[in-house]
Structures are given as C-alpha cells and as structure tokens.
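Asker: sequence first, predicted coordinates after that:
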Amino acid sequence: MSRTRWLGAYVPAKVKPLFRWILRWRRLTGPALFVWSFVLLIALGTAGLLLIEDLQAGPPLGVVDALFTITSAVCVTGLAVVDLSTHFTTTGQAWILLFVQLGGIGLISLTTLLIGAMGQRLSLRSEMLAVAPTRRHDRPEVWELTLAVTRFSLVVEAIGAVLLWAVWSFRMPVDEAAWHAVFHSVSAYCNAGMSTFSTSLIGLQDSSFTLWIISFLVIAGGIGYLTFEELTRWFRASRARRDGLRIRLAGAPQRLSSHTWAVVVTSAVLLLAGWILFALFEWSDTLSQLGVVDKLSNAWFMSVTPRSAGFNTVDYTHVGNDTAALTMMLMLIGGSPGSTAGGLKTTTIAVLVALGLSRFRGRRYVAIQDRAIPQGTVERAVGIVLLALFVLAISFFTINAIEAVGMDSTEARGHFLPIMFESVSAFATAGLSMNYTAELELPSKLLVALTMFIGRVGLFSFFTAVMLRRAQPPAFQRPAQEDVIVG
C-alpha cells in the first residue's frame, strides 16, 4: 500500500497535516536534514533564552539579540552583542554552552544518527573518509562513526578542562576556576570562541600555559576526528616498521591519504607562517609590554585563533592594518572538513594551490602527494570559493549600507574595516571582532546571524536545503561546446 493510501486509511483527519509534514521531512537529503536541524536547534535555544527567567542577570534580551546570541552559539562563532560574564547567570552560561556543544559536535552526531534511522546512508565521500582510517574492507555503520566522534571529542574536552583548571586554580577560587575551565575547554574544542571573561583572554595574555592549552584544543577541534585517527594509525605503523616489526597493524595505512596530507601540510604552513608574521607585525606594538616568551606565545595564539576559534588576547581595534588583513585571510581559510571549524577549509585551499601549480607546470591534471584529484572535486573547490565571495560581497555591502545611514563619507570610511572584519568573521564562524558587534543596527544583526548560519552549515548544503526537495540525479547530457577567451 502506498504512503498516500496508508495516510488516508489509518490517520485521523486532524493529524494528517502533521503526518504529511513528517513524510515530507523523510524525503530530505542528508545535507538538507543537517541544515534544518540547525534551524530547529536555534529556534529551541532562542525560545529558551526568551522564556526562562533564570538565565539572564541583566535586562532581558530582545528577540533579535536572543536570536543572534543562540545563532552565534549553535554556529560556534563567538560573536556577542552582550557580555556573557555579566549579562547571564551561571545557569544562562550553561544554557549557551549546551548549544555550543550541540552545534559543535552534538548536532553533527545526532544528524548522522537520524540519517541512519531514516534508512539513508552516508555519502560515498563520507564513507570513504570514515573507512580510510579504520576498516578498509568494510563500510562503517553510522552509529559506530557517531560514537567514535563523540567519545573522542568528550575525552579531549575533559583533558583540556583539567589542564585549564590546574593552571587557573592559582589565579582564582577553585570552584570558579573549574567552571571557567569547563566552559573554555568546550568552547575552544568546538572552535566557538565564547568566553566567560569580559575581555576574552586579554587578561591572561601573560599566562603562556593557558594560551598553549587552548591553542591545542582549538587545533584538535579544527583538524577533525577522521584526520586525527588516520594520523594516529599511520604513526603507529611507521614506528612499527622503524622498529623492524613485521606485524601488520589492522587498518594501518602505509601512506597518508591525500586528504590527511593536505590537511596537515596546509595547517602547518598557515600556523607557522602566521606565527612568524604576527610576531613581526605586533612585536613592538600590541605585544610590546610583554616578555619574550609571552610575546612568542601570544603571536602563536594570534595565528591559531583566526582559524575559527574566536578567542583574543589583544584588542583588535588597536592592531595594524597588516595584522587585520592577515587575520581576515586566516579566518576565511578556516579549519578542515569534518571538524568544528568553519571557513573555506584547508583542503579547498590545498586543491586550489595544486590547481595553480599544475597549470604552471603545464599538466592536464591536478595532483596532491602524487595522486590525481578528481575533476569534480576541483570544480567543487572553485565553486565554493566563488559562492563564498558572492555571499561575503552581499553581506558586506548590505551591512555597510545599513550602518552608513546618517553618516558622512569621512565617518563611514572609518567603519569600513570593522564591518569588513565583522563580515568575514561571521561567514568563517571565527568570532573575532573589532568591538563592533554590539553597535550593529537590528537589520545588520539579522544579516550577520544569517551569514554565520550559512558559514556554519556550508554553502552547498544551505542552497540545497532552501529548495526543500529531494536532490535530482545529475543529467548525462550537455549542450554543444563553445570556447570563451579568458585570462
């Protein structure tokens, strides 16, 4: 019996619309389900923030500010229109942290389970990534991958919380240090950048241990579980071969996959280059009052945090234009696929660099680590960058037009860099700001919230989900070719 007949024969007339709605959701693809799950989570969080009285210590937030705050938490961005340390009670901070956790790892795990429960499979690309570091001879079960990701994330967050508590217990009461440690560990691993300190980590810029602990939490969350797992198995296999052991480790890769190689190399280059450049740019400026060790630690942290983390140890309203430009570049690149970070992703940049090198060398293919990359992947990387520039252009020009109302040209020019910085930070879910978020007009806040949402769920997923219909299979016909002169 078809669904329609079953619906008409056994479902009461009053609840038929609900069942039709459920069946419509069953027709959603995996990416669409992922996007609309974020919408539902933001709606629940905003409703709780507006309706639960014990969450706020200050004046109640308006609808737009509440929506902005929860969107920033769920999209693990970190931009805030109010001070989390003073405006919210401890219960309110815990409520926000819950949605940071759900947006960072919980919702990804939940959506994966929902896809499996509805009879759908992970995409072939996701399954290949999942099989690579585990069992190449078998396709992974959805729940196995979900539990592995969740377990890894909670263990890393717990270790980070203990280490931060050990460092901060010398600076503040033990119980207060425990709550701050838990909040910042979860926020750092999820790359959210939200802080229970009024000035983020500026007050801790002389605590090198704090900066390095949070840095490694951010990096762990930014490279993703699949990359970390493959690196671990590859390292064990390499050590076994180096020690002369002939025992073949189950599932141990003999070489790193092109995906993991691109993630590791690109991340390392960006981190080291950013560390050196930020140290040169700010050594005698915003870092001038610190010692050599603290200067190096802060420069390292400035290289880590733009990659979607959002914490800051310096006031970005006082940095130079070179630092601001480099920060925006790193924010736009972001973290790696399958992680809690946002941005274009390191692998996208790696594919584009490989594309440029292949054309420079006269090759007809794109290769990473002596392995050709499928043409469809190259086209997808180019499409992601073009869509990102399109979304950023609309966001920036619209916000700039809204904020410039009533200003003369000289005054509006002074807002150019902060608005650009805010737009890039929102799209990359980085959370860094030149203290401009709270000054935005209501329409600008809504647009920034939408930009954060698009940046978090992904460009292709967002535009697919807006259609709210099943994806159609690709056509195998194309029109006649005609060349166009470019370059």
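Answerer: Received it, and whenever you're ready, just let me know what you need.
Asker: low-confidence regions, the protein specifically.
Answerer: 1-31, 106-143, 240-254, 463-477, 487 (pLDDT under 70).
Asker: I'd like to know which elements the longest helix along it is packed against.
Answerer: If you go by DSSP state H, the chain has its longest helix at helix 375-403. Under the contact definition 3 or more CB pairs under 8 Å, 6 or more residues apart in numbering; DSSP states H and E, helix 375-403 sits against helix 346-360, helix 416-427, helix 442-457, helix 459-467. (C-beta placed from N, C-alpha, C; glycine too.)
Asker: 6 Å instead, please
Answerer: helix 346-360, helix 416-427, helix 442-457 (3 or more CB pairs under 6 Å, 6 or more residues apart in numbering; DSSP states H and E).
Asker: tell me which element residue 66 falls in.
Answerer: Assigned by DSSP states H and E, residue 66 belongs to helix 63-74.
Asker: got the buried residues for that helix?
Answerer: For helix 63-74, a neighbour-count test (16 or more other CB atoms under 10 Å) marks 64-74 as buried.
Asker: now do stretch 397-413
Answerer: Of the residues in stretch 397-413, those buried (16+ other CB under 10 Å) are 399-400, 402-404, 412.
Asker: just give the number of residues close to the spatially closest residue to residue 276 that is not a sequence neighbour.
Answerer: Leaving aside its sequence neighbours, residue 276 sits nearest to residue 299 (CB to CB, 6 or more residues apart in numbering; 8.0 Å). Using other CB atoms under 10 Å, residue 299 has 23 neighbouring residues.
Asker: for residue 67, give me its contacts.
Answerer: residue 46 (CB atoms under 6 Å, 6 or more residues apart in numbering).
Asker: how near is it to residue 49?
Answerer: 9 Å (CB to CB, to the nearest Å).
Asker: likewise for residue 384?
Answerer: 32 Å.
Asker: which one of those two is surrounded by more residues?
Answerer: For the pair residue 384 and residue 49, the greater number of neighbours falls to residue 49 (24 against 18), based on other CB under 10 Å.
Asker: would you mind measuring from the more buried one to residue 84?
Answerer: 12 Å.
Asker: now do stretch 88-99: distance to the chain's middle.
Answerer: Computed by CA atoms, centre = their mean, to the nearest Å, the chain-centroid distance of stretch 88-99 equals 20 Å.
Asker: report the buried residues of it.
Answerer: For stretch 88-99, by 16+ other CB under 10 Å, it's 88, 92-93, 95-97, 99.
Asker: among those residues, which one lies nearest to residue 279?
Answerer: Minimum distance to residue 279 across the buried residues of stretch 88-99 is 32.5 Å, recorded for residue 97 (CB to CB).
Asker: okay, and the closest one sits in which element?
Answerer: Going by DSSP H and E, residue 97 is part of helix 90-101.
Asker: same for that helix, what does it pack against?
Answerer: Helix 90-101 packs on helix 63-74, helix 174-189, going by 3+ CB pairs under 6 Å, 6+ apart.
Asker: ok, and what's touching it?
Answerer: Contacts of helix 90-101 (CB under 6 Å, 6+ apart): 45, 54-56, 70, 73-74, 183, 186-187, 190, 192, 196.
Asker: which one of these sits closest to residue 418?
Answerer: The closest of the contacts of helix 90-101, once distances to residue 418 are taken by CB to CB, is residue 192, at 21.4 Å.
Asker: spatially nearest residue to the closest one (excluding sequence neighbours)?
Answerer: In space, residue 192 is closest to residue 76, 4.1 Å off (CB to CB, 6+ apart).
Asker: can you pull out the strands in this protein?
Answerer: 367-368, 371-372 (DSSP state E).
Asker: pick the most deeply packed of these.
Answerer: strand 367-368 (a mean of 18; mean count of other CB atoms under 10 Å).
Asker: and for it, what's in contact with it?
Answerer: Here strand 367-368 has contacts from 258, 262, 354, using CB under 6 Å, 6+ apart.
Asker: switch the cut-off to 8 Å
Answerer: Residues outside strand 367-368 that contact it (CB atoms under 8 Å, 6 or more residues apart in numbering): 258, 261-262, 350-351, 354, 358, 373.
Asker: now do the contacts for residue 223.
Answerer: 263-264, 267, 335-336, 339.
Asker: those into TSV, with extra columns for distance to residue 159 and neighbour count?
Answerer: Shown next, in TSV, are the contacts of residue 223 (distance: CB to CB, whole Å; neighbours: other CB atoms under 10 Å):
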residue	distance to residue 159	neighbour count
263	22	29
264	21	17
267	20	20
335	20	28
336	20	29
339	18	29
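Asker: so which of the residues you listed belong to helices?
Answerer: Reading helices off these with DSSP H, I get 263-264, 267.
Asker: dump the contacts of residue 223 to TSV, plus distance to residue 431.
Answerer: TSV is the format used below for the contacts of residue 223 (distance: CB to CB, whole Å):
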residue	distance to residue 431
263	22
264	24
267	19
335	13
336	18
339	15
